[in-house]
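Undergrad: I need the structure of the sequence given here:
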Amino acid sequence: MKGRFDVQISTSGSTSDVLNRITAATEREEFPFISASRYPRQREKAFVSKISGSRFRVWKVPSSTRSRQNVCIPYLSGVAEDVNGRTHLRGSFALHPFNKLMAFLPLTVIVPLWLWTERTPRSVMLLTAISVILVGAELAMIAAVRRLRPKEEKDIVQFLLGLLPDARPD
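TA: Presented below is the predicted three-dimensional model:
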């Protein structure tokens, strides 16, 4: 991983011990970005992880309550490295891939409609209205994700700090 890291945590213990602790305290990721938890209300673990070598990805299990449905949460993607007898976790937050795909939804609906319909004044007005509605819905979704993101990121960092012995942010 190159570039800026949002999270840098240092802790004692080996890299394999740290990654094993993360694995034991989290749900297993069955498919990319899909929790192994089939019954979210009965789950015991609030986070999902995928470990591959020294790389890891951690994110919160999406809430299943009506008041807090949250499927577009950010995730922490990082690497664990041994440095001078300590393990350093370095990672960056990214948006859930669903958010990235949703950005293209208005285009996939609007472009074919504009290309394949006859350009009468009535159809242009209808296509313009559909375009405005779809772009407005996309902007509302982006605003909702941005509002939730800081809390979700803080929860992931607090989870890691509480999980690892003598962990401290760098």
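Undergrad: CA atoms for contacts and neighbours, from now on please.
TA: Fine.
Undergrad: after the helix-or-strand element of the chain with minimal mean pLDDT comes which helix or strand?
TA: Across the helices and strands of the chain, mean confidence by mean pLDDT, DSSP states H and E is lowest for strand 34-35: a mean of 56. Going down the chain from strand 34-35, the next helix or strand is strand 47-52, by DSSP states H and E.
Undergrad: quick one: mean pLDDT for that following strand?
TA: The predicted model gives strand 47-52 an average pLDDT of 89.
Undergrad: can you pull the buried residues of it?
TA: Buried residues in strand 47-52, counted by 16 or more other CA atoms under 10 Å: Phe47, Val48, Ser49, Lys50, Ile51.
Undergrad: over to stretch 155-163?
TA: Across stretch 155-163, burial judged by 16+ other CA under 10 Å covers Ile156, Val157, Phe159, Leu160, Leu161.
Undergrad: please identify which helix or strand holds the second one.
TA: Val157 is part of helix 121-163 when elements are defined by DSSP H and E.
Undergrad: which two in the buried residues of strand 47-52 are spaced the farthest apart?
TA: Spanning the widest gap among the buried residues of strand 47-52 are Phe47 and Ile51, at 13.0 Å by CA to CA.
Undergrad: circling back to that earlier point, got TSV for the buried residues of strand 47-52, with distance to Pro165 too?
TA: Formatted as TSV, the buried residues of strand 47-52 follow (distance: CA to CA, whole Å):
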residue	distance to Pro165
Phe47	18
Val48	20
Ser49	19
Lys50	21
Ile51	19
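Undergrad: and the spatially most central residue of the chain, what does it touch?
TA: Centroid-nearest residue in the chain, with CA atoms, centre = their mean: Pro74, separated by 2.6 Å. Listed by CA atoms under 8 Å, 6 or more residues apart in numbering, the contact partners of Pro74 are Trp59, Phe93, Ala94, Leu95, His96, Arg149, Glu152, Glu153.
Undergrad: please spell out the PyMOL selection for the buried subset of these.
TA: Those of the contacts of Pro74 that count as buried under 16+ other CA under 10 Å are selected in PyMOL with:
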select buried, resi 59+93+96+149+152+153
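Undergrad: by pLDDT, give me the weakest of the contacts of Pro74.
TA: His96 (70).
Undergrad: got the phi and psi for that residue?
TA: His96 adopts backbone torsions of phi -60, psi 140, taken as degrees, to the nearest 10.
Undergrad: leaving out chain neighbours, which residue sits closest to Ile156?
TA: In this structure, Ile156 finds its nearest non-sequential neighbour in Trp59, 6.8 Å apart by CA to CA, 6 or more residues apart in numbering.
Undergrad: quickly list what that neighbour is bridged to.
TA: Val48 (DSSP bridges).
Undergrad: doesn't Gly78 make contact with it?
TA: No - in this structure Trp59 lies outside contact range of Gly78 using CA atoms under 8 Å: 11.6 Å.
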